[in-house]
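*Asks:* Structure for this input, please:
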Amino acid sequence: MRVNEVMSQPAITCSRTTSLRIATWMLREHDIGFLLVVDELWNRTLMGVVTDRDMCLTGLGEEHDPTLTSVEDCMTTDVITCPPDTDARQVVSLMAEHRVRRIPVVDRDGNIRGVVGICDLIEHKAVPDSEICEVLSRIMKPRLAHAEAA
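*Replies:* Sure thing, here's the model as predicted:
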């Protein structure tokens, strides 16, 4: 099964200048935990991602004003992505290797096409349950414990 058969669309995006307050509202409104960040909303080229955890620990945890702080201040720019024709098993391997639950799907030009998450793979039965359990076990282990086991 290919990623384009299971990915969530449309991907929810925000501009790099979006305030943490607005980004938090977007997460709540769409019932998600991660936003894809673009330079400008009319441009679908991926610049980075920001998670609810990023906003709490980096943005709000350092006592920044959520109205004046933008997602650019706490987003991740080194993003693991995949093209739409990627095999679901390859995506699971990427998730396990990089300890992520969601991967943006981008075309050759870097334009956002969707997002594939663990839930998408489970819902569509894209990979065997044993592989999902293995990747979840790896992702959910605290980083310190993961480093000690290596």
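*Asks:* For the residue nearest the centre of the chain, give me its contacts.
*Replies:* By Cα atoms, centre = their mean, the chain has its centre lying nearest to residue 102, at 4.3 Å. The neighbourhood of residue 102, defined by Cβ atoms under 8 Å, 6 or more residues apart in numbering, consists of 34, 115, 116, 117, 118. Glycine gets a C-beta too; all of them are placed from N, C-alpha and C.
*Asks:* Kindly report the same for residue 87.
*Replies:* Applying Cβ under 8 Å, 6+ apart, the residues near residue 87 are 1, 2, 3.
*Asks:* Residue 123 now?
*Replies:* residue 6.
*Asks:* tell me the phi and psi of it?
*Replies:* Backbone torsions for residue 123, taken as degrees, to the nearest 10, come to phi -60, psi -40.
*Asks:* What separation do you get for residue 54 and residue 104?
*Replies:* 15 Å (Cβ to Cβ, to the nearest Å).
*Asks:* scratch that, residue 24
*Replies:* According to Cβ to Cβ, residue 24 stands 20 Å off from residue 104.
*Asks:* Comparing those two, which residue is more hemmed in?
*Replies:* residue 104 (23 against 19; other Cβ atoms under 10 Å).
*Asks:* so when I look at the more buried one, I'm seeing a helix, right?
*Replies:* No - counting by DSSP: H, G, I helix; E, B strand; the rest coil, residue 104 falls outside a helix, being strand.
*Asks:* Report the buried members of the contacts of residue 87.
*Replies:* Buried members of these, counted by 16 or more other Cβ atoms under 10 Å: 2, 3.
*Asks:* which among the contacts of residue 87 gets closest to residue 89?
*Replies:* Using Cβ to Cβ, residue 1 is the member of the contacts of residue 87 that lies nearest residue 89, at 8.6 Å.
*Asks:* ok and the host helix or strand of residue 37 relative to strand 102-106, angle-wise?
*Replies:* Assigned by DSSP states H and E, residue 37 belongs to strand 34-38. Angle between the axes of strand 34-38 and strand 102-106 is 30 degrees (criterion: axes from the mean of the first three to the mean of the last three Cα atoms, to 10 degrees).
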